[in-house]
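Colleague: Provided below for reference: sequence and predicted model.
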Amino acid sequence: MAKSKIIAGLDIGTSNIKILLAEKKKDDSEIRVVYQAQEPSFGIRKGVVVDVDKVARLIQLLISKARVESGQKIESVYVNIGGGHIFCNNSEGVVAVSRADRKVSKEDVDRVLEAAKTISLSSNEEILETIPKEFIIDGRGGIREVEGMQGGRLEVKVLIIGCFAPYKNNLTQAVLNADLEFSDMLPSVLAVASVALNQKQKELGAAVLNIGAGTSELAVFEEGNLVHLAVFPIGSANITNDIAIILKTDIDIAESIKIRSGSCVFKGGDKKEKIELEDGEILVFSPKMVAGIIGARVSEIFGEVNKELKKIGKQGKLPAGIVLTGGGANLPKIVDLAKKELKLSCRAWKPSEFSNLEDGLIFATACGLVLRGAEDFGSGKKSPGKMMERIKKVFQVFIP
């Protein structure tokens, strides 16, 4: 087996498409970034591909640029899937242990997981991930590794993550049209959680909130397991839109004001600031007003988070707190506002496993995708593996 591997993570987001190339050595825990870049995205709305051809061209452009500038061959990629169509359901499965000696085999585990997937879905919904929460043998639960144990009745409790199949197919077709192969497809929020939360935090009880441009995504963990996820149709682009509307200026100027003068919490004197526009006019604005606009929208996101935490009885009850990621987490004073609104310990993610990484918060999803690739490389899983077989089955109807 190769001693090192270049892994490509492709983050297809509402405002930007990002590529991250990283080298993983077999016996080294560090992942070294060798190239990263992003291009403005078009044909994507709230994390969903709505124009396949346009997105495919943008992916091709970004990948071609990455190949030239990095000198690396890029044939397959780890890709995220996001958007408000992502959902989760709890499910259970039960089977009889098949071996005569009553030892649970890998085949038994596979069968009970398949049984747990038997849930009621519409014709346009599809299962993305099945995450075991606990196994139960003959009524005794709380078991994580069940293979090799003895018993007659095997049960499992799982969290199923699903999506709206046509949106997944759009994403799949865009990547295939860009002449790329899939190494794997991973829900954005799970990719982020894999890098933002360590195992200790997941055991104690923690959450990650990924604030993107078009959506914000929440994943909650307890006792090492994913227990809930949610996607909100609000992101940092909504803040820019609010500023543009209230200050009666265009989107680019509003984005510039948000980045240069924005804050979630206003402190200090309200000295007016000025920006010279292209037509020579001067835009005068109040930093206090801008902070009020930003704070109101960010508070709305945190309000949605509190609603979801309340649903599962975890509002204010996550000992390891919440980690913020995504471009929206770059907003000044957002951690202060998060602590106030969520009544939990909060911090912005700082990458530790990746060297040479710039703009870590913005590239958090891409980092999570690369980490999945690093785990596959470490375990000896072949790429593109089962993912391409699933893709081919979906699209074989289009092959003449």
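Modeller: In hand now; what should we look at?

Colleague: give me the secondary structure label for K339.
Modeller: helix (DSSP: H, G, I helix; E, B strand; the rest coil).

Colleague: hmm, it is touching S345, no?
Modeller: Yes. With contact defined as CB atoms under 8 Å, K339 and S345 form a contacting pair (7.1 Å). For every residue, glycine as well, the C-beta is placed using N, CA and C.

Colleague: mind listing what the closest residue to P287 other than its chain neighbours touches?
Modeller: Spatial nearest neighbour of P287, excluding adjacent residues (CB to CB, 6 or more residues apart in numbering): S261 at 5.2 Å. Taking CB atoms under 8 Å, 6 or more residues apart in numbering as the definition of contact, the neighbours of S261 are 273, 285, 287, 290.

Colleague: centre of the chain versus the helix ranked longest in the chain, how much separation?
Modeller: Scanning the chain for the longest helix, with DSSP state H as the assignment, gives helix 287-311. Per CA atoms, centre = their mean, to the nearest Å, the displacement of helix 287-311 from the mean C-alpha position of its chain is 20 Å.

Colleague: same for the next helix or strand after it, what does it pack against?
Modeller: Sequence-wise, the next helix or strand beyond helix 287-311 is strand 322-325, with elements assigned using DSSP states H and E. For strand 322-325, the helices and strands in contact under the criterion 3 or more CB pairs under 8 Å, 6 or more residues apart in numbering; DSSP states H and E are helix 188-196, strand 206-211, helix 334-342, strand 346-348.

Colleague: and strand 322-325, which strands flank it?
Modeller: Using DSSP bridges, the neighbouring strands of strand 322-325 in the sheet come out as strand 206-211 (parallel), strand 346-348 (parallel).

Colleague: how about JSON lines for these, with mean pLDDT and mean neighbour count added?
Modeller: Shown next, in JSON lines, are the strands paired with strand 322-325 (pLDDT from 0 to 100; neighbours: other CB atoms under 10 Å):
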{"stretch": "strand 206-211", "mean pLDDT": "98", "mean neighbour count": "28"}
{"stretch": "strand 346-348", "mean pLDDT": "96", "mean neighbour count": "18"}
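
Colleague: figure out which of the ones you listed is closest to A366.
Modeller: Among the strands paired with strand 322-325, the nearest to A366 by CB to CB is strand 206-211 (11.9 Å).

Colleague: how about stretch 260-277 as PDB, C-alpha atoms only?
Modeller: Extracted as PDB, the C-alpha positions of stretch 260-277 are listed here (Å, rounded to 0.1, in the frame of the first residue of the first chain):
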ATOM      1  CA  ARG A 260     -15.000  45.500   7.500                       C
ATOM      2  CA  SER A 261     -17.200  47.000  10.100                       C
ATOM      3  CA  GLY A 262     -19.600  44.300  11.200                       C
ATOM      4  CA  SER A 263     -20.000  42.900  14.700                       C
ATOM      5  CA  CYS A 264     -22.600  40.800  16.500                       C
ATOM      6  CA  VAL A 265     -22.300  43.000  19.700                       C
ATOM      7  CA  PHE A 266     -21.800  46.700  19.500                       C
ATOM      8  CA  LYS A 267     -19.300  48.300  21.900                       C
ATOM      9  CA  GLY A 268     -17.800  51.800  21.900                       C
ATOM     10  CA  GLY A 269     -18.700  55.100  20.400                       C
ATOM     11  CA  ASP A 270     -21.000  55.300  17.400                       C
ATOM     12  CA  LYS A 271     -18.800  57.300  15.100                       C
ATOM     13  CA  LYS A 272     -20.200  57.400  11.600                       C
ATOM     14  CA  GLU A 273     -18.200  55.600   8.900                       C
ATOM     15  CA  LYS A 274     -18.000  56.400   5.200                       C
ATOM     16  CA  ILE A 275     -17.600  54.400   2.000                       C
ATOM     17  CA  GLU A 276     -17.000  55.900  -1.400                       C
ATOM     18  CA  LEU A 277     -19.100  54.200  -4.100                       C
END
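
Colleague: and the strands in the stretch 101-250 of the chain, which stretches?
Modeller: 125-137, 140-143, 153-164, 181-187, 206-211, 216-222, 225-232 (DSSP state E, counting those that start in this stretch).

Colleague: mind checking how far E145 is from R347?
Modeller: With distances defined as CB to CB, to the nearest Å, the gap from E145 to R347 amounts to 31 Å.

Colleague: for this protein, which spans come out with low pLDDT?
Modeller: When residues are selected by pLDDT under 70, those of the chain lie in 1-2, 380-400.

Colleague: what's the helix or strand for the residue lying farthest from the centre of it?
Modeller: Of all residues in the chain, the one whose C-alpha sits farthest from the chain's mean C-alpha position, using CA atoms, centre = their mean, is A100 at 43.1 Å. Assigned by DSSP H and E, A100 belongs to no helix or strand.

Colleague: quick check: phi and psi on it?
Modeller: Summarising the backbone geometry of A100 under the convention degrees, to the nearest 10, its torsions are phi -70, psi -30.

Colleague: helix, strand, or coil at L10?
Modeller: Secondary structure of L10, per three-state DSSP, is strand.

Colleague: name whatever forms a beta bridge with it.
Modeller: Counting by DSSP bridges, L10 is bridged to I19, V79.

Colleague: so who does it touch?
Modeller: 17-19, 59, 77-80, 175, 180, 366, 369.

Colleague: show the contacting residues for the closest residue to V34 other than its chain neighbours.
Modeller: The spatial neighbour of V34 that comes closest, neighbours along the chain excluded (CB to CB, 6+ apart), is L21 at 5.0 Å. Neighbour list for L21: 6-8, 33-36, 66, 70, 72, 74 [criterion: CB under 8 Å, 6+ apart].

Colleague: just the ones of those residues in helices?
Modeller: For the contacts of L21, membership in helices holds for 66, 70, with DSSP H as the criterion.
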